[in-house]
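Asker: mind looking at a prediction? Sequence and model below.
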Amino acid sequence: MPTSSVTYETVASRYRTIPTAFTGSIVADCTPALIDAAERNAELRELFHRYNAERRATLVAAVRDGIATGDFPADTDPELAATALAGAVIYRRLMTSAALDPTEVEDLVHTVLGPGVSQSSSPRRLPGEATRE
């Protein structure tokens, strides 16, 4: 489990809104239609992409802050990390039968961003896995 650094908490908090929005909300219900419509209508595409870029920017900034403080590895690409986090939600919502549960947020953040310089680098245990001591 990740340590409780301020940056990890900030990223998890900002990221947690995404799976929450994609679980049983009007956003979840409308997203497939918006994606399709954005492919067909240039004006809607520009609006949809701009809206998503603005929302992603807060997550990118939080990841960038975590790199600066050493909470995330220095070679982390903030844009790719934010895309990987958001992409996991979209993939699970649109391509599988189980949407990403908001309780999985911290594990996913740790999986994507890993332990940084100020984080413990001890190996993670899977739920139910015995300790290796």
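Answerer: Perfect, I can see it now.

Asker: how about the secondary structure of residue 72?
Answerer: coil (DSSP: H, G, I helix; E, B strand; the rest coil).

Asker: quick one: it and residue 63 touch, right?
Answerer: Yes. The pair residue 72 / residue 63 is scored as a contact, 6.4 Å apart, by Cβ atoms under 8 Å. (Each C-beta comes from the backbone N, C-alpha and C, glycine too.)

Asker: got any residues that touch both of the two?
Answerer: Common contact partners of residue 72 and residue 63 (Cβ atoms under 8 Å, 6 or more residues apart in numbering): 81, 113.

Asker: and the helix or strand of the chain with the lowest mean pLDDT, what does it pack onto?
Answerer: Of the helices and strands making up the chain, the lowest-confidence element is helix 6-21, at a mean of 79, by mean pLDDT, DSSP states H and E. Secondary-structure packing of helix 6-21 (3 or more Cβ pairs under 8 Å, 6 or more residues apart in numbering; DSSP states H and E): helix 42-69, helix 78-95, helix 105-113.
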